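Undergrad: the sequence and its predicted three-dimensional model are supplied below.
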Protein chains: 2
Amino acid sequence: MPASTAASAEHTSRDKILDAAEALFAKRGYAAVGLRELAELVGLGKSSLFHHFRNKAQLYAAVTARILVSIEARLVRSLATGGDPVVRLERWLDDLIDLLTENPTYARVLLRSLFEDDDLPGDLPEEIEGHRAIADMMAAVGGLLREGMGAGLFRAVHVNHFLLTLVGIIVFPFASGEFGAEVLGKDLFDATEVRRRKREVRALLRSGLVASR
Amino acid sequence: MPASTAASAEHTSRDKILDAAEALFAKRGYAAVGLRELAELVGLGKSSLFHHFRNKAQLYAAVTARILVSIEARLVRSLATGGDPVVRLERWLDDLIDLLTENPTYARVLLRSLFEDDDLPGDLPEEIEGHRAIADMMAAVGGLLREGMGAGLFRAVHVNHFLLTLVGIIVFPFASGEFGAEVLGKDLFDATEVRRRKREVRALLRSGLVASR
DNA sequence: GTCTATAATAGGATAGAC
DNA sequence: GTCTATCCTATTATAGAC
């Protein structure tokens, strides 16, 4: 297997830049990260970054697009697997939580990308790709909700509001950093806490909060 | 009523700066806002800002503290009003949603303040005050949940996880900007959509998603 | 309390040697 | 593909006149 075709484990400068940038952007956001800082983290000169990316905005868009596409790839696969809508939705939630805990930068970049639209030009190919990925995911889950409602397995919900609810329930906690850890009293990324989160989310969807009469 | 005691409607430079800064920080975040831009929005010279605030970090902390304290004031009052835990929780949710929709900057500043802790020194009085306000609120709602569970009105939930869930359900959508509007197809801040959001949140807490068997 | 002037630094980005 | 050197602009912050 020639190295030139083994793309997976390659360790190019471009990948190193993307990895370091992902960590920095997740932690502090677009505007607060300087390219000089990023360059010396990677072990390059500032100018070398511009050989790999046209400018800062494109680098940021590349970082977020890489994440959004990888999330989409895994979750669309998850949704495509069989089972009734209840099973499929719960598996999707579990898989999403697994994905976010295995990649602690993801939730923050995901939420930040919703807040930091203003900084970007809006017409970069990477932006469009990321936007499409997230829209496709939302559409797929929306379809699942509709399917479950049609089969009488879900009560009648407003699908789009429910999508916002799901993102808020799942993504927000893993992006909440210090706040989440303080509310919880523990690190949400610990394995036991992740299991608990899955259980609590399932229970909420199955029973709500108010006790049955 | 002498003007000097009528603090509510006063229009001091300090208030104007705080108002303008709140709008800018909500829209673009701490690092992306320049003091020159802020100054000319207020109609002052850049240097005049430093007469009212020691530095940018303190200004930011003052902005967030003002919001957190005002939220706390209104919601602690809401929680203190009578009714059983179910009624009180639902009123709290409605009041929080009202507060967030009447002040469109709040949700964004609130969520951003969770992400942008790194930028601040951590020991400013304003930071501590804001931190206390949010902690008190969480504690109050946590107490309400425990009370409801004790009375058999709520099922047994993990209180701290449920607090994260509540913040994710309520605050996140109103902070989600373009993304939320796109998922929804409408502006979440429209009166009809706000009403729908309240209904959907209530229904989730009362019945979950999965249809009763 | 607001201003002008200025300092000191960091920002993103480009040119051109190697 | 990486480097040094440089450009221009923006940044936060201070000093001191009015």
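TA: Happy to help now that I have it. Here the structure is a predicted model, which means the values were calculated and not measured.
Undergrad: could you use CA atoms for every contact and neighbour count after this?
TA: OK.
Undergrad: would you list every one of the helices in chain A?
TA: Listed in chain order, the helices of chain A (DSSP state H) span A:13-28, A:35-42, A:46-52, A:56-80, A:85-102, A:104-115, A:125-150, A:159-175, A:177-184, A:191-207.
Undergrad: now those in JSON lines, please, with extra columns for mean pLDDT and mean neighbour count.
TA: Formatted as JSON lines, the helices of chain A follow (pLDDT from 0 to 100; neighbours: other Cα atoms under 10 Å in any protein chain shown):
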{"stretch": "helix A:13-28", "mean pLDDT": "97", "mean neighbour count": "19"}
{"stretch": "helix A:35-42", "mean pLDDT": "98", "mean neighbour count": "16"}
{"stretch": "helix A:46-52", "mean pLDDT": "98", "mean neighbour count": "14"}
{"stretch": "helix A:56-80", "mean pLDDT": "96", "mean neighbour count": "19"}
{"stretch": "helix A:85-102", "mean pLDDT": "97", "mean neighbour count": "18"}
{"stretch": "helix A:104-115", "mean pLDDT": "93", "mean neighbour count": "22"}
{"stretch": "helix A:125-150", "mean pLDDT": "97", "mean neighbour count": "18"}
{"stretch": "helix A:159-175", "mean pLDDT": "98", "mean neighbour count": "22"}
{"stretch": "helix A:177-184", "mean pLDDT": "96", "mean neighbour count": "18"}
{"stretch": "helix A:191-207", "mean pLDDT": "98", "mean neighbour count": "17"}
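Undergrad: how about JSON lines for these, with distance to DNA strand C added?
TA: Putting those into JSON lines (distance: least, Cα to the nearest atom of the strand, whole Å) gives the following:
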{"stretch": "helix A:13-28", "distance to DNA strand C": "11"}
{"stretch": "helix A:35-42", "distance to DNA strand C": "4"}
{"stretch": "helix A:46-52", "distance to DNA strand C": "4"}
{"stretch": "helix A:56-80", "distance to DNA strand C": "4"}
{"stretch": "helix A:85-102", "distance to DNA strand C": "27"}
{"stretch": "helix A:104-115", "distance to DNA strand C": "16"}
{"stretch": "helix A:125-150", "distance to DNA strand C": "15"}
{"stretch": "helix A:159-175", "distance to DNA strand C": "23"}
{"stretch": "helix A:177-184", "distance to DNA strand C": "23"}
{"stretch": "helix A:191-207", "distance to DNA strand C": "35"}
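Undergrad: a markdown table for these, including distance to chain B?
TA: Listed next are the helices of chain A as a markdown table, based on distance: least, Cα to the nearest Cα, whole Å:
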| stretch | distance to chain B |
| --- | --- |
| helix A:13-28 | 7 |
| helix A:35-42 | 14 |
| helix A:46-52 | 20 |
| helix A:56-80 | 13 |
| helix A:85-102 | 7 |
| helix A:104-115 | 6 |
| helix A:125-150 | 8 |
| helix A:159-175 | 4 |
| helix A:177-184 | 5 |
| helix A:191-207 | 4 |
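Undergrad: now render these as TSV, adding distance to B:Val76.
TA: Converted to TSV, the helices of chain A look like this (distance: least, Cα to Cα, whole Å):
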stretch	distance to B:Val76
helix A:13-28	32
helix A:35-42	43
helix A:46-52	50
helix A:56-80	39
helix A:85-102	33
helix A:104-115	28
helix A:125-150	36
helix A:159-175	23
helix A:177-184	18
helix A:191-207	25
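Undergrad: tell me which of those helices lies nearest to B:Asn55.
TA: helix A:13-28 (19.6 Å; Cα to Cα).
Undergrad: for B:Leu124, see how far away A:Phe179 is.
TA: 18 Å (Cα to Cα, to the nearest Å).
Undergrad: ok, now A:Ala139?
TA: Between A:Ala139 and B:Leu124 the computed distance is 44 Å (Cα to Cα).
Undergrad: gap between the two ends of stretch A:75-95?
TA: For stretch A:75-95, the first-to-last residue distance is 7 Å (Cα to Cα).
Undergrad: what's stretch A:193-211 in contact with?
TA: By Cα atoms under 8 Å, 6 or more residues apart in numbering or on different chains, the surrounding residues in contact with stretch A:193-211 are A:90, A:93-94, A:97, A:101, A:169, A:186-188, B:86, B:152-155, B:157-158, B:161-162, B:204-211.
Undergrad: pull up the residues of chain A that are close to DNA strand D.
TA: Contact residues, chain A versus DNA strand D (Cα under 7 Å from any atom of the strand): A:13, A:43-48, A:51-52.
Undergrad: quick one: which of the residues you listed is nearest A:Ala62?
TA: Nearest to A:Ala62 out of the residues of chain A next to DNA strand D is A:His52 (Cα to Cα; 10.9 Å).
Undergrad: show me the contacts for that closest one.
TA: Contact analysis of A:His52 by Cα under 8 Å, 6+ apart lists A:Arg14.
Undergrad: contact partners of stretch A:53-71?
TA: Under the contact criterion Cα under 8 Å, 6+ apart, stretch A:53-71 has outside partners A:18, A:21-22, A:25, A:30, A:35, A:99, A:106, A:109-110, A:113, A:119-121, A:124, A:126-127, A:129-131, A:133-134.
Undergrad: could I get the pLDDT score of A:Gly208?
TA: On pLDDT, A:Gly208 comes in at 95.
Undergrad: grab the nearest non-local neighbour of A:Phe189.
TA: What sits nearest to A:Phe189 in space, not counting adjacent residues and going by Cα to Cα, 6 or more residues apart in numbering or on different chains, is A:Thr101, at 5.8 Å.
Undergrad: for the one you found, give me its contacts.
TA: A:Thr101 sits next to A:174, A:189, A:194 when contact means Cα under 8 Å, 6+ apart.
Undergrad: 10 Å - rerun?
TA: The neighbourhood of A:Thr101, defined by Cα atoms under 10 Å, 6 or more residues apart in numbering or on different chains, consists of A:95, A:107, A:174, A:188-191, A:194.
Undergrad: got the contact list for the spatially closest residue to A:Leu145 that is not a sequence neighbour?
TA: Once flanking residues are discounted, A:Leu145 sits nearest to A:Val159: 6.8 Å by Cα to Cα, 6+ apart. For A:Val159, the contacting residues are A:141-146, A:149, A:165, B:183-184, B:200, by Cα under 10 Å, 6+ apart.
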